[in-house]
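>>> sequence plus the predicted model coming up.
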Amino acid sequence: DAGVIQSPRHEVTEMGQEVTLRCKPISGHDYLFWYRQTMMRGLELLIYFNNNVPIDDSGMPEDRFSAKMPNASFSTLKIQPSEPRDSAVYFCASSFRRQLQYFGPGTRLTVT
Amino acid sequence: ELKVEQNPLFLSMQEGKNYTIYCNYSTTSDRLYWYRQDPGKSLESLFVLLSNGAVKQEGRLMASLDTKARLSTLHITAAVHDLSATYFCAVSGNDMRFGAGTRLTVKP
């Protein structure tokens, strides 16, 4: 398996623009997680899905953030409108039955 | 609110020595994770601990969980340079919280 795939790897955008981050989990995994990492706030869980259903989105910072998982092999995290404070590395991870999580390479987002 | 305290935050070790990283948390949880992150890289899962007294070992790393004390430890045995990285614990309960990370440097 290719592991968890994230795209794009780097994104630079201007404040106010819409940003969409994409994730393809490992085949057969039933959990998918979105995390954010910044120097100031460390690692944060934003949202996670079980069998494509959002279970806990309490970590989503604001209504500007939304996440979807239309099928078992694809998820998106959207920020609209983006702000400079959204600059971070966003990780997607997947697991089977909440066992060890496998992380994607991350998307480094810069909002200017 | 779930709080996770990890210490030390910085650890410089000599090769061959042993040391322990501590992860304390404030409320009941159903599982505890340990991760490793190399600079500029993604995270690698090391262990998931589910129950009181759980112990898992992989190579020179051993993790344990005491749910009564709300404490997990990551013990490093005979450290080698390749273990230099940042180690995070994360606790999953009603929500999920990460520790601040322990930046480990192993010197020859």
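Nice, thanks for sending it over. What you see is a predicted model; the values in this text were computed from it and never measured.
>>> can you pull out the low-pLDDT segments for chain A?
Along chain A, the model assigns pLDDT under 70 to residues A:1.
>>> sheet-wise, list the partners of the worst-scoring helix or strand of chain B on mean pLDDT with their directions.
Ranked by mean pLDDT, DSSP states H and E, the weakest helix or strand in chain B is strand B:96-98, scoring a mean of 91. Here strand B:96-98 is paired, per DSSP bridges, with strand B:85-92 (antiparallel).
>>> hmm, who's touching the partner strand?
For strand B:85-92, the external contacting residues (Cβ atoms under 8 Å, 6 or more residues apart in numbering or on different chains) are A:43, A:98, B:2, B:4, B:6, B:21, B:23, B:25, B:29-39, B:43, B:46, B:72, B:74, B:96-99, B:101-104. In short, each C-beta sits where N, CA and C put it, glycine included.
>>> any of the residues you listed buried? List them.
Buried members of those, scored by 16 or more other Cβ atoms under 10 Å in any protein chain shown, are A:43, A:98, B:4, B:6, B:21, B:23, B:25, B:29, B:31-37, B:43, B:46, B:72, B:74, B:96-99, B:101-104.
>>> distance of residue B:3 relative to chain A?
As judged by Cβ to the nearest Cβ, to the nearest Å, residue B:3 and chain A stand 13 Å apart.
>>> check residue B:17 too.
For residue B:17 relative to chain A (Cβ to the nearest Cβ), the value is 27 Å.
>>> on that earlier part again, list of residues touching the least confident helix or strand of chain B?
With Cβ under 8 Å, 6+ apart, strand B:96-98 has contacts from A:42-45, A:56, A:59, B:2-4, B:25, B:88-91.
>>> quick check on those residues: which are buried?
In the contacts of strand B:96-98, burial by neighbour count holds for A:43-45, A:56, A:59, B:4, B:25, B:88-91, counting by 16+ other Cβ under 10 Å.
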